[in-house]
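# With the sequence up front, the predicted model follows.
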Amino acid sequence: MSSEADFDVGARLSAVRKMHHISQRELAKRAGVTNGTISLIEQNRVSPSVSSLRKVLQGLPMSFSDFFSLEAAPRQDVFFAAAELLEIGDAKISYRQIGRDLAQRELQILHERYAPGSDTGRAMLRHESEEGGVVIRGKLEVTVGDQRRLLGPGDAYYFDSRLPHRFRNIGDEECEIVSACTPPSF
């Protein structure tokens, strides 16, 4: 942890309050202080006394020591270089996932590449989610339930993944897609 001189009381109070899903108004009400007091502390426009901060923290409820020792939640990555995408496919079908750890994520985004003649298999896929995608280049045959369509660049699909589905590149060039699935399916 950084030195006390570097500790940002306002930012920590704001983060802890938001972590508990409490508005400034609600925290002020619980702590018996004015809305302005909470706002000024969070903006670092006032430096609260020990007793004032303790009173505010009782509105969460959180101990004084927990407030100062709480580790800040790790920031999730936002940007990903092409080399950082996680390959989860094989030689015939490349699934390059944006982000390595999807444990705290609700959406899986993939950059997919289908070699000519490749497909997801004779057995239809099914899983608990929704998915959609846009063909960037090439042609892809998409089957969902009893519907089948050949999609080309700019064409898209979006469906309930509990329906049996299959993807096939029936062309003679690589097919490239950007897709999304919620929740992550693999």
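Received the coordinates, thanks.

# going forward, measure contacts between C-alpha atoms and count neighbours the same way
Will do.

# What is the burial count for residue 184?
Using other CA atoms under 10 Å, residue 184 has 18 neighbouring residues.

# wait, what's in contact with it?
Listed by CA atoms under 8 Å, 6 or more residues apart in numbering, the contact set of residue 184 reads 102, 105-108, 129.

# go on, residue 163?
Taking CA under 8 Å, 6+ apart as the test, what residue 163 contacts is 126, 144-145.

# and what of residue 160?
129-131.

# Can you tell me which of those has the most neighbours?
Tallying neighbours with other CA under 10 Å puts residue 131 at the head of these, with 21 neighbours.

# Could you tell me whether that one really is in a strand?
Yes - assessed with DSSP: H, G, I helix; E, B strand; the rest coil, residue 131 lies in a strand.

# Can you tell me which of the contacts of residue 163 lies closest to residue 15?
Set against residue 15, the nearest of the contacts of residue 163 by CA to CA is residue 126 (39.6 Å).

# Redo the contacts of residue 160 as a markdown table? Include distance to residue 161 and pLDDT.
Below are the contacts of residue 160 laid out as a markdown table (distance: CA to CA, whole Å; pLDDT from 0 to 100):
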| residue | distance to residue 161 | pLDDT |
| --- | --- | --- |
| 129 | 5 | 93 |
| 130 | 5 | 96 |
| 131 | 6 | 97 |
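
# Outline the domain layout of the chain.
Using automatic domain parsing, the domain ranges for the chain come out as 4-69, 82-182.

# Now do the first one, average pLDDT.
Per-residue pLDDT over domain 4-69 has a mean of 87.

# what's the spacing between it and its chain's center?
With CA atoms, centre = their mean, to the nearest Å as the basis, domain 4-69 stands 27 Å off its chain's centre.
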